Every structure is written in C-alpha cells, then in structure tokens.
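# The amino acid sequence is not available; the structure is as follows:
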C-alpha cells in the first residue's frame, strides 16, 4: 500500500564506479584498523596452534620434547592404546572417559549457568536505569580476584571440614560430612561460579534491549507468565542465550585450574590430560594431538549449536 | 449481577485512585475517578499528556492495579485480575508487534494462548486479515510492512480474540495526517462492524470530536466532564474543558437570576451592563460572579448600535479562506474573537480600526462551574 523505497535503491546508477572505489577504500581502511588485533591473533594464537599441529605429527623424545621425524603415534594414542603385555589394540578408554566427562561437565555447567544467569539478567534489566550499572558492577567483582584464589575459596566452603559440612553437622542435619570436594559436582560448582558472569553479561545485554511493551502485549493477549517467557522473552533474547552459552561452554571444556583443584587430580578433564602429557607424561605429540582434538570438539559443538539455534531462532530483522 | 445485563455498563470505574510511588515523591495519577462506559460505545479519554488517561487505560487492561477503588467489567470486579484473565485487549501506541513472528502469527497469538485449535485460529486470522484489508500480507514479517500496515495488524491482533472491550492507546499518533484521517474512518467502521466497546485514548481534540460517541475530558488525574462531542463542545462545564477543546471567548459576568424550571436557563449581566440569557452547567449554582464562554462562531459583528451586547474596536482581521477571524478589543477591557463564514461579495465589510458591535447567538452562552 504505502511501502517506502529503501534509500539505497534510490541512488543513481551513474555513481556506481565512484561507489565501488569508495567501497574498496572503505574495506582497505577496515583492514588497517583491524591489523593490530590481527597481528596479535596471528602471533599469539595462530602461530602456537600451527606449532601444535606440527608437533602432533612428530615422535616423542624420551625426556619430553620432540624428535623431528614423522609419526602418527600421537594421534594414534588419542583414541587407541596398545596393551603393554600382549600388544593387542584397544580403545584408550581412559582418554575417552575424560572426553566424555569434559563434555558432560561443560554442558552441565552451561545449563546451570543459564538457569542461574537468566533470572539474574532479567532482574537487572528490569531495575531502574540508574541502578543497573550498580548491579553490573557487582557481577564483575569476582573478576577482581585471582582464579586460583577463588577456586581455593570454594574448596574451603565445600571440603569435609568446610563451612557447609560444619554448619550442617552442628545443626544436626547430617552426622558425618558429605563428600563434595574432589567430585564432579565440585568441578561443576567451581566452573559455574567462575563462568557465571560470562553468562549474565551477554544475557543482560540482549534483555536490556528487549522492548518490555512486547511483554505487556503478551500478557494482554492471554499469555500466562510461562507463556510470555517461552514465546516472547526467550525467542527475543536468543542471541544473548547463544552468546552466553558459548562463552561458558568453551572455556569450561578447556578448564584446567578448576578441575585440578576441585577434582583433586582424580577427576581429570581435557585440560588436565593435556597438561599431563606435556609434564609428567613427557609425551608432547600426544599432548599436541589432544589439544587439536579439543579444538575440533569445540568447533563442532559450536557449529551444531549455532546451526540449531538459528534454525528455530529469531527471523532476520529486515 | 442483578438486573438487565444489556443495561449494565461495559466498564464501570468506582472512585478509582492510582498513586505511583510512596511518601513525598509519590505521584497521584488518578484521583477518585468514577466513570461508566456503555456497551458498544466509542468512548474517548481526552486530555493533555500527564492527565491520567493512559493510567486509566492501563488499569482497565490490568497492567497496573488501582491503589483504591474498583473497576467492574460487565458488573464483575476485575480490579486485581492479571491482564491474561481479562476479556480486554489493547492496541498499543507503539503497536508492540512481535518481531519474531509473521503477520499471521501475530494476529493468531491471542487465540493460540486461549487454546484454540489450529484450524480455528487459521479461519479467524483469515477473517481478521480481511476485516483490516491485509489479506496479501499474511506471511510477511512485521519488519517488512509499513507503519500504517503495522497499525492494521495491531488492530487485527487485538480484535481476533473477540474481546468485550478494546483499548486503544493513542494508536494513530505515529501516522502521518493523511493516513490518520483514513484510519479514523477505518476505526469507526471496525467498531460498527464488530460491535465491540472501544475505549480510545487521545490528546487530539479534533480526533476525539469526530470519532467518539462520548468523551471524558481529563486533567490532573480527574475526569472534568463526560458527554457527547456536541455536549463537550457546546456546553463545557469547566474552564479547562472550554479552553482545551476548540477556541473560545471567556467573559467575566454576574449571574443575576436562575430560572425555576428544569431548563437550566439563567440570566447573566455582562461587564457592559447588558443582560443576556445563558445555560448553566449540571449541579447547583449560586448567584454572583461567574465566567461564561461563547464560541467565536456563535457571535457576529455588526456596525455599532445600541442593541449590541458587546462593543469594541476591531484590532486584527485574519482571513482563513472559508472563514475570517476578527479580534475585537472590547470597550470594557479584554479581547473577543468572532469567526464568520465568508460569503460572496462580503469582503472588506469590516476593517481594522473600525468601531464594531458584537451580537451573540441566542442560547450560545454557557456558564462555567469554575
């Protein structure tokens, strides 16, 4: 009826050449602006990654390090192992169970962080505008303290003689301490604690932009609180949910300090396994291959997640 | 729930007060408002921004709840029902269409939440699209349609669940003038065809006069006057109402006698010493000093003569095409505006600086309560 013509379509075709030149100049200046960051990424991330890739195809040295001759042993050992006595091949079930635990705990951490972070972000986003920065500031306070110290603090809380067990025992709820430390639960608790802000912040960012008149419109059209949450709020803050989940899932999968301290070395995750190969294990090619495997798992998980999320997600905003 | 259901108002507000905040910083948005909105009525809440009209609308919708007082829907108390339990739907000022849903999904949303079957929803959505003449836009995204079309979708979405009352919160304010005129007619048509009670909020007096069956004029959290557009325009009872709607002349006068009959007629003595008949507002009035109003089009200029009610000097003449506005400085002090239609060959009859008399049409003088 009264569709307006987008301004871009109104530009005359005679200026097309000038337009192309301008766009080229624009692209060039963008590359220039991005070059410091690209330099850092190249030397600090891509470079080491290439070294890892090369190492994973070399032979291990007897006292650590590598021997410069091609070998698939590193990759072979990621998934398979040769029995020491009868030389038969079997799956490296130790490794596989660590893969599985890493995925399971990271997934659990992401879900828990989402369940805790969603209402938190919603609460902050619905406060008066002058109070929101205060809450955001409070969210970032844990970042002020070193990760290791925070992790030891959790240990203090949940160990057998820790705050929780002492309290429960003095109240007579339990008679002997509950073993929480050095369990998967402890690792997950620690990771949720550490990564929760990474969930809250992107969630808050998309909720702050949420038009709460849409929420009212939902209530007005007979949607209950659950209905509004499911059909209006969640679909509209989906970008925040995706970003937050990625930001929690990815570092969880490669977590090192938290499982090391709270898992007690027994409940290893991928990060610990990799560290072991470069340290006591003295098997650099295996460590390198495991690192690359971790990277691949992360990328596959991300692809899968983003694909699924965008399929059922927000339609493009024209 | 006694008596004839048809005679029961659609919405009935009893002494509704709404106070936002507490303590010294609190704001009284509604101050003991009582109002009856009849069924199938196009009822308008008219007032400047901050007068409480939107607050009253939000209380009827259920987005806020009254601090005290009661709101009934067809005789049953809904004051504290959540919005999703009221058969009342809203057309929002910003439209508030769901951006992640298509036009059809938006319109069907209310029905879906009411648990209607897919086939029922489809049929109703098609009927609504037809009603607002948007059949071709069924599967468009709401971002792909124009402002006027979004307006129609918002209307269809609110009408689809067949509410008992439709609330419209300044729905036309975002449209340009031409589209707004078009939608005014469209809204009247929709109200007529659906038979649903419309409660319309606006600050635009012209819009209120042209569209409404009845208007409630609000100011500072209170309802000042409720009546038909003609009542409100011709018989304003308060200074604010007379001033807010249209142009008017205020005159200081003295109420010298009140007719004994129920005609609400009275006799006024103007500053010029002349006596004229006037109408009184509802309620008791005491003799003494009052303010009276006369619309500019209910007065006419004459050459100076003894019988003229008012006299003065013509200061400015403003030509408007269909009519001309004459601003007269009265001999008794103050200004008086006369508006006269331009007839052929009449041009230049009165010039600036002329001494003139003013006649007021019989029955055109209205006494105010304040």
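In hand now; what should we look at? Owing to the predicted nature of the structure, the values given are computational and were not obtained by experimental measurement.
# Does residue B:112 touch residue B:121 like I think?
Yes - using Cβ atoms under 8 Å, residue B:112 is in contact with residue B:121, at 6.0 Å. For glycine as for every other residue, the C-beta is placed from the backbone atoms N, C-alpha and C.
# right, and residue B:281 touches residue B:235 too?
Yes - shown here, residue B:281 and residue B:235 form a contact pair, counting by Cβ under 8 Å, at 7.2 Å.
# which residues are in contact with both of those two?
By Cβ atoms under 8 Å, 6 or more residues apart in numbering or on different chains, residue B:281 and residue B:235 have these common neighbours: residue B:366.
# what about the helices in the stretch 51-200 of chain B?
B:53-61, B:103-113, B:118-131, B:147-159, B:177-194 (DSSP state H, counting those that start in this stretch).
# can you tell me which of those the model trusts least?
Sorting the helices of the stretch 51-200 of chain B by mean pLDDT places helix B:177-194 lowest, at a mean of 89.
# Give me the residues contacting that helix.
Helix B:177-194 is contacted by residues A:2, B:42, B:131-132, B:147-148, B:151-152, B:155, B:159, B:162, B:168, B:171-172, B:175, B:198, B:200, B:207, B:210-211 when judged by Cβ under 8 Å, 6+ apart.
# Next, work out how far apart residue A:274 and residue A:26 are.
Applying Cβ to Cβ, to the nearest Å, the value for residue A:274 to residue A:26 is 42 Å.
# what about the two, which has more around it?
Applying other Cβ atoms under 10 Å in any protein chain shown to residue A:274 and residue A:26 shows that residue A:274 carries more neighbours, namely 23 against 9.
# which is the next helix or strand following the helix or strand encompassing that one?
For residue A:274, the element it lies in under DSSP states H and E is helix A:270-278. Later in the chain than helix A:270-278, the nearest helix or strand by DSSP H and E is helix A:284-311.
# Close to chain A: what parts of the stretch 251-370 of chain B are there?
Within the stretch 251-370 of chain B, not a single residue sits near chain A (Cβ under 8 Å from any Cβ of the partner chain).
# in the stretch 251-370 of chain B, what spans have low per-residue confidence?
Low-confidence segments of the stretch 251-370 of chain B (pLDDT under 70): B:344-348.
# Which single residue in it comes nearest to chain A?
Closest approach between the stretch 251-370 of chain B and chain A, counting by Cβ to the nearest Cβ: residue B:321, at 28.5 Å.
# residues contacting that residue?
Applying Cβ under 8 Å, 6+ apart to residue B:321 gives the contacts residue B:342.
# so is it in a helix, a strand, or just coil?
coil (DSSP: H, G, I helix; E, B strand; the rest coil).
# Show me what the helix or strand hosting residue A:52 is packed against.
Using DSSP H and E, residue A:52 maps to helix A:47-55. Counting by 3 or more Cβ pairs under 8 Å, 6 or more residues apart in numbering or on different chains; DSSP states H and E, the packing neighbours recorded for helix A:47-55 are helix A:284-311.
# next structured bit after the top helix by length along chain A?
Taking DSSP state H as the criterion, chain A has its longest helix at helix A:93-125. Sequence-wise, the next helix or strand downstream of helix A:93-125 (DSSP H and E) is helix A:132-140.
# next one: that following helix to chain centre, how far?
Offset of helix A:132-140 from its chain centre (Cα atoms, centre = their mean, to the nearest Å): 22 Å.
# Just want the angle from it to helix A:93-125.
In terms of direction (axes from the mean of the first three to the mean of the last three Cα atoms, to 10 degrees), helix A:132-140 departs from helix A:93-125 by 160 degrees.
# quick one: buried residues of helix A:132-140?
Buried residues in helix A:132-140, defined by neighbour count with 16 or more other Cβ atoms under 10 Å in any protein chain shown: A:135-136, A:139.
# What helices and strands are in contact with it?
Secondary elements touching helix A:132-140 (3+ Cβ pairs under 8 Å, 6+ apart): helix A:93-125, helix A:184-208.
# what's in contact with it?
A:120, A:123-125, A:127, A:197, A:200-201, A:204, A:208.
# Between helix A:184-208 and that helix, find me the angle.
Per the same axes, to 10 degrees, the angle that helix A:132-140 makes with helix A:184-208 is 160 degrees.
# Name the residues that touch the helix or strand that helix A:132-140 is followed by?
For helix A:132-140, the succeeding helix or strand toward the C-terminus, using DSSP H and E, is helix A:147-158. By Cβ under 8 Å, 6+ apart, the residues outside helix A:147-158 that reach it are A:142, A:162-165, A:180-181, A:186, A:189-190, A:193-194, A:257-258, A:261-262.
# pLDDT averaged over helix A:147-158, what's the number?
Rounded mean pLDDT across helix A:147-158 is 91.
# can you pull the buried residues of it?
Across helix A:147-158, burial judged by 16+ other Cβ under 10 Å covers A:147, A:150-151, A:154-155, A:158.
# so it versus helix A:184-208, what angle?
Using the same axes, to 10 degrees, helix A:147-158 lies at 120 degrees relative to helix A:184-208.
# which element follows helix A:147-158 toward the C-terminus?
Downstream of helix A:147-158, the first helix or strand assigned by DSSP H and E is helix A:163-170.
# Enumerate the positions of that following helix that are buried.
Neighbour-count burial for helix A:163-170, counted by 16+ other Cβ under 10 Å, picks out A:164-165, A:169.
# try stretch B:339-356
Counting neighbours by 16+ other Cβ under 10 Å, the buried set in stretch B:339-356 is B:339-340, B:350, B:354, B:356.
# Adding distance to residue B:185 and secondary structure as columns, could you present those residues in a markdown table?
Formatted as a markdown table, these follow (distance: Cβ to Cβ, whole Å; DSSP: H, G, I helix; E, B strand; the rest coil):
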| residue | distance to residue B:185 | secondary structure |
| --- | --- | --- |
| B:339 | 26 | strand |
| B:340 | 30 | strand |
| B:350 | 38 | coil |
| B:354 | 43 | coil |
| B:356 | 40 | strand |
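# Can you add distance to residue A:74 and give those residues back as a markdown table?
A markdown table is the format used below for the buried residues of stretch B:339-356 (distance: Cβ to Cβ, whole Å):
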| residue | distance to residue A:74 |
| --- | --- |
| B:339 | 96 |
| B:340 | 101 |
| B:350 | 106 |
| B:354 | 109 |
| B:356 | 108 |
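# how about those residues, which pair is most distant?
The most widely separated members of the buried residues of stretch B:339-356, counting by Cβ to Cβ, are B:339 and B:354 (16.9 Å).
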